[in-house]
Structures are given as C-alpha cells and as structure tokens.
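> model the structure of this input:
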Amino acid sequence: MLTKIKILNNQESPYDIGKKQWDLLDELESKYESIDMSKVIHDGLFLDPIWLMVNRGKVQLIDFNRLFPNKAHYPLMLLCRVVCYQLLVVYGYAVNTVCRRLKSFVLQIVNSGQWDNIMCAERNQPFLLFSAMESDALTNIAQTRLAKNGGISNDAFDFLNNCLHLKHLAGIDVFLAGISLPWSEQGIGVNAWIDQQREVTGVIKENSFYAPMPFENVSNIVQNALPIVEDHHDELVIFFNDFNTLIASFENVHGAKTSKLCRDLVEKHKDMFSLILPVEYGKHNVSGDYAPIKSKWITNLFNLVKSACSWIILLSTGLRNFDMRDLRIGCCQPSKRYKGMWWLVADIKKTKNRLVIPVGEPTYKAVKLLESARYTSVGNFLLTPSTYVTGNSLNSSDPTHDEPGKIQYGSTFNDLLKVLPKTYGFSIKTIAEDDADATAHCIRATLAGYIAENSNAAIFILKRLFGHSNPLMPNEYIYRNPLVMKRREDLQLKLTEDMAKDMAHAVTYGEVSGRNGERLLKGAAHMKAKVEQELRLKNQSLTEMEMFQTLEERLTQIFLDDMRNGETYALLTPMAVICNRACNNTLDSPCAVQSNNQDRISSGIKKAITDALSTLPNPAQCIGINCPDALMGKKWSRELLKSFDFYYKYRNVIVPKSTIEEDAKVFVSMYATPLMTIYSDEREERYFNVVK
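Predicted structure coming up:
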C-alpha cells in the first residue's frame, strides 16, 4: 500500500520532516479558521467539531469527531474539511452529495484496513502524503467490497476524485501532490472504472428502471387536469395577473393576502373556484369588519394549478424532472406554418442539447397558465416555488444568487405533482410492487409505452422526443424495463386465465360450435362420465348444478395447463374465433400455408425438412370456421352474429344484384349452422334457415 517518504536531505531527521509538515498544517488551519461559513452552516465556524447545515428545510450534519475519532487523524480531517468547503461553496455541490461522499470515503477506504495511516500522525510526527496511495490498493479495496457485499457505491471514490481535481489548490497542494488514482491512470472516468471493477468481479450493476403508470391512473390525471388548463384557463390568468398586481402594492405578502381587496378579488371569481377549489375564509374577522381569505388557500390554489399544468406538459413531452424545472418564460411559441401546433423549447441538461418539441393547444395553455401563476416577481423560470420571492429577497431554498425563483430540488417538484391527485382523491401509483407514486421519470416510461403501442416508428419518435444521445435508450424504455416486462407477464397470465374460464364455461354449457367445438364437447361428455363414475365409487352424488360447476372447474384447469405449458396456442383471431391449435402440429395451418410455402421456396430448404418442424399460425389471415382448429363460442363470437344479421337484412330487403351478393351468400351458407348452434335462443325460430 505504502511508498515510503524519501528524505532527500540526509541531515534532516524524521522529526524535522514532521515539524515542517505540521507547520504547513498550521498555516492551512490559520487560513480557513475564520473563513466565512454562512453559505455552508448557520452560526458556526470552520473548525467546529460538527457542521450543522440546512438542507431543504431539514438539518443535516457532518460530525468530524465521530468520523475521525483518533487524534492522529487530524491532518486527514483538516484536509477533508477544506475539500468539503470547496465543494459546497466554490463548486456549488449539494449538501447531500458532499456528506454522502465524505462518509463513504471514511467508512469504505480510510477504515478499510488498507489505508495504512496516510495523512495520519501525532503532533509534529511525520506522515505519509496522498502520493503514498497505491492504485493497486484502491483497486483491491473496490474488488474486495464487491465480492463481499455484491455491490458498491461510487461515493467513496468520487470523493477521492474530487481531491484529485483540487490538487492544485493553494494550501492543500503540497499534501495532494503526486496523487495518482487508477481511473486517471487509465484515462477514464471514475464511474467507468467502477463499472470495470464490477465486470472483473462478475457483479453486474442493475439498471434503475422507472415503473410506468396504469391507464386508469393516467386517465384520472387528464380528466382532472384538463378542466383547469382548458375550461378555466382565461379566468385563472386574469385572476393571477390581478393578484400579483395586488401583492406589488403592499409592503408585505401576508398583508396583501388578508386584505379586503384580496377577498373581493377572490369572490369576483368565486363561481369558478367552486368548481376547482372552494374558497376558504379565516375563522376570525379582521378588525371586526370582514373575514379574510385563508392564506393557506391561496397557496393551495397556486400549487393546484401548477400541478395540473405540470402533468399536462409531462404527458405531452416526457421531459425529465430537472428539465421541467429549468423551463423558462416564453418557452412555447406558435408555429408560423402549421395552424394548431406550437413549439416547446427545452434545454436538456443530460445531453447538453436543445430540444424542440411539437405540442398541441392543451400544452400551450398549460405553459401560458404557468407564466401567470408564478408566485414570484423575479427570475424567468416557468415553474416557481410556493414561497413568495421579491427582487430584494431570495427564497431560503435557493442556494445560489444567480437562480432566484427556481425550484431547486427534484423532490420539491415531485411533491408538487402529488397536489392534483391529493386534492381530487385519486391515485398516481405505478405498476411497481411497492405502489410508489409516479415521478417525472415514471411519466417518461408511461409515455414510451403508449408510443410503442400505437406507432411503428416508436424508436425514432422516442429518440427524438426524449433527446436521447444513445440510440439504445428508447429500447430500454420500451422492451427491457423489468417492471414493464413483469406487468406484461401479469397481464398475459390474466388474459390466459380469463380465456381458459370462458372456454370451459362455453364447453360445459354447450355454447360452442365448429369442428373443434364438437371435439371439445365429446371430451367434456367423457369427463362428465368419469366424474359420475368417481362419485359412484365414493357412494356420492351431485345435483345438476354441482355437476356443471365441477365439470367447469376441471375443464378450466385443463385448458389453463395446456396454455401455460405451451401445448395449445389459444389465440382470439380477427374472425371472432379462438385458434385452439396444438403447438406440436407440424402441418401448415390453413391461415399460414401460403406464406410458409413462399418462405420455403425463398429459403431453399427442402420440404421434407420443413414438414418435420412445427409452424406458427397466422391469426391475421384466419379463415374462420373453415379451419379445423377454430372454436366458436357464445361469448367471443358475437361479431359473427352481427355480420350474419347484416347479411340477413340485406338479402331480405334488397334485390340481390350488388357486388356483395356473392359475399352474403357465402357467409350465410358458411355460418348459419354453427351460429344456430349457439345463438338459436336469441333469434326467432327458423331465423338461421335462410334459403334465398
């Protein structure tokens, strides 16, 4: 692990070297001990044992004494303090990120047993610098942790990477001089190096996928958001504009909200608010004169409107959380060439691209409504926080002075999305097993699914819409998301179970027809006889209804087992029949014989070989009841009955001279008997005995 410090001057003792090193530490301490820490901690100093930092309204701390309990750790602790300060103040890193990386560095690397006291020593004793760190030792730490835990966080190595980039910073440069890390030696990034170690140790990193939302939840979102965005758009814009003008005329926001002018303005639009968010008044009159509007109600109104608008934009564009928060006023402009189309412009942080997305009128109205519902008078961000911001005061949640009025955190935006469903009492759960609420990325997955289902150009559209630089990413959204795959399997299983039950019920009660239906009815009769024999041996008996129930249960299980085990196809075709073909049938099905023959000719494979291989049916070319595998049933073949009714009426009211006469004759003669078998109780006597 260690490369011993070489004493260049043989006259210098270890004590002399240590004294010089500690003098440098004292200079570093003096430089930072009185530095302004107001951007990092409140009412605290650089050398405080605990840094109490406010992060999104919650206190988060770094307890240096707990991380570095040994006094010999002081040189390393001081250097880590400087690195954290630089990351937080100079480079604007998030509090969570810095805290997480420092703690991981200490726990995973410093306490690994392979650190060997780099930057650790008692007062005036010499210590090893970061140049003593061996790349092979770091690689061993990573691989050992992967082998032991089956996974690893990047945070510890990210902290070292941050140190690498600060090696030229005055004051700590002497301690970091000569630092060499395995990923920098290979000329790759730390993340790529971590992935490399995962591959070496056989630990494959699972991609984090986002679950899409079921259709019914998306439908609820649209039904509740659209009235706000479309039906009440104009009146809401007028209200928000007047409200912001009102606030500007008062010295403080609270005074404006509780004023009689505000109450009068709200009551002017009371009829509209009764449909969106009924007005709430304060419990006590102001000066015994009037009941003011609840301040909380106004905040809730802003949040509700912003939530509805955000949902419409997300469902139209699939933008990421950060890119939604970074939209600016004027980002949506009408097309000069195409009527009824607007262009939404978004700068994508991940790919550093500008994305121009065609959107419809609802999205345009949502953007314009957000432009008026900005609860601030500064900045040009489309989505603003719930706390009022003026030109002279910054929102306490804004960590930087150059982005006033911006929603800084992704969690804040996700909380905003929950306002609409919470107000109107519906769910935004995804298909994930933990019933997690949807986030912006879940909307991307949902939108990807709809596009894939309804367009043959899904990959192209998703790549264009989502701004993916990697052409494989849309494929991940559509096909490889394990949550989507599981949901698809669950739906397929449900459909299989439903079909097995429908078939069993139809066979039990004789509501099937066709050659396949006749075969199944004979099988059911044989099973019924077998059940009766079992009962006689047990000296038991069943009523007719109990017999039907028992028979239906057994048939359901048989059909379901055949489908699950891949013994039958059981496909519902466009001809309203179930293709109940055996999977081991090597003969060409009537629906696929022509295409299979063409494939054989083009492939040049001998027919004797292909005849030994089973072939898939082609439901799109189904020939209906003429196929021996077709099963007609009362529940699923009603479209055939409707077609028969049409031809029946046609042939009885019109002189048969039109071009469809031949079609009518063929259809009636083909389906009269099988339809009569299962639908005779729904038509008058002799209805199906058509001879004309």
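> so which bits of stretch 585-596 are buried?
588-592, 596 (16 or more other CB atoms under 10 Å). To be clear about C-beta, it is placed using only N, CA and C from the backbone, and glycine gets the same treatment.
> now, which of these lie within helices?
Counting by DSSP state H, the part of those found in helices is Asn596.
> out of the buried residues of stretch 585-596, what pair is the most spread apart?
Greatest spacing in the buried residues of stretch 585-596, by CB to CB: Pro590 and Asn596 (10.8 Å).
> picking up where we left off before, could I get the buried residues of stretch 585-596 as a markdown table with pLDDT and distance to Phe105?
What follows is these, written out as a markdown table (pLDDT from 0 to 100; distance: CB to CB, whole Å):
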| residue | pLDDT | distance to Phe105 |
| --- | --- | --- |
| Asp588 | 78 | 67 |
| Ser589 | 83 | 65 |
| Pro590 | 85 | 69 |
| Cys591 | 85 | 65 |
| Ala592 | 79 | 63 |
| Asn596 | 73 | 64 |
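> among the buried residues of stretch 585-596, which one lies nearest to Cys627?
Pro590 (4.9 Å).
> measure that closest one to Gln621 for me?
9 Å (CB to CB, to the nearest Å).
> Asp271 too?
59 Å.
> circling back to that earlier point, output the buried residues of stretch 585-596 in a markdown table, with distance to Asp43 appended to each entry.
A markdown table is the format used below for the buried residues of stretch 585-596 (distance: CB to CB, whole Å):
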| residue | distance to Asp43 |
| --- | --- |
| Asp588 | 84 |
| Ser589 | 81 |
| Pro590 | 85 |
| Cys591 | 80 |
| Ala592 | 79 |
| Asn596 | 81 |
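> among the buried residues of stretch 585-596, which lie within strands?
Using DSSP state E to define strands, no part of the buried residues of stretch 585-596 is located there.
> just the closest of the buried residues of stretch 585-596 to Asn149, please.
Ala592 (52.1 Å).
> spatially, and excluding backbone neighbours, which residue is closest to the closest one.
Nearest residue to Ala592, sequence neighbours excluded (CB to CB, 6 or more residues apart in numbering): Asn618, at 4.1 Å.
> residues touching the one you found, list them.
By CB atoms under 8 Å, 6 or more residues apart in numbering, the contact set of Asn618 is 589, 591-592, 595.
> can you say which helix or strand has the residue most central in space within the chain in it?
Taking CA atoms, centre = their mean, the centroid of the chain lies closest to Cys442, which sits 2.1 Å from it. Per DSSP states H and E: Cys442 is located in helix 440-454.
> chain center to stretch 332-343, what's the gap?
29 Å (CA atoms, centre = their mean, to the nearest Å).
> endpoints of that stretch, how far apart?
5 Å (CA to CA, to the nearest Å).
> circling back: where's the residue nearest to the centre of the chain relative to Asp26, distance?
Counting by CB to CB, the gap from Cys442 to Asp26 is 53 Å.
> any idea of the mean pLDDT in stretch 502-517?
Averaged over stretch 502-517, pLDDT sits at 90.
> repeat that for stretch 196-206.
Mean predicted confidence for stretch 196-206 is 70.
> cool, stretch 30-49 as well?
86.
> quick one: buried residues of that stretch?
Buried residues in stretch 30-49, counted by 16+ other CB under 10 Å: 32, 37, 40-41, 46.
> same thing with stretch 309-321?
Buried positions in stretch 309-321, judged by neighbour count with 16+ other CB under 10 Å: 309-321.
> stretch 247-259 too?
Residues 247, 253, 256-259 are the ones in stretch 247-259 that count as buried (16+ other CB under 10 Å).
> nearest to Trp51 among those?
Closest approach between the buried residues of stretch 247-259 and Trp51, by CB to CB: Val253, at 32.3 Å.
> does the closest one touch Ile247 like I think?
Yes - taking contacts as CB atoms under 8 Å, Val253 lies within contact range of Ile247: 6.0 Å.
> picking up where we left off before, how about the buried residues of stretch 247-259 in JSON lines, adding distance to Ile188?
Below are the buried residues of stretch 247-259 laid out as JSON lines (distance: CB to CB, whole Å):
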{"residue": "Ile247", "distance to Ile188": "53"}
{"residue": "Val253", "distance to Ile188": "51"}
{"residue": "Ala256", "distance to Ile188": "56"}
{"residue": "Lys257", "distance to Ile188": "55"}
{"residue": "Thr258", "distance to Ile188": "60"}
{"residue": "Ser259", "distance to Ile188": "61"}
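> now, the residues you listed that are in helices?
If you go by DSSP H, the buried residues of stretch 247-259 have 247, 253, 256-257 in helices.
> burial of Asn565, as a residue count?
When neighbours are defined as other CB atoms under 10 Å, Asn565 has 9 of them.
> for Ser541, same thing?
Other residues lying near Ser541 total 10 when counted by other CB under 10 Å.
> excluding chain neighbours, what is closest to it?
Take Ser541 and drop its neighbours on the chain: the residue closest to it by CB to CB, 6+ apart is Leu535, 6.0 Å away.
> these two touch, right, the one you found and Leu542?
Yes - between Leu535 and Leu542 there is a contact under CB under 8 Å: 6.4 Å.
> name the residues contacting each of these two.
With CB under 8 Å, 6+ apart, Leu535 and Leu542 have no common neighbours.
> three-state assignment of Glu251?
Under DSSP: H, G, I helix; E, B strand; the rest coil, Glu251 falls in the coil class.
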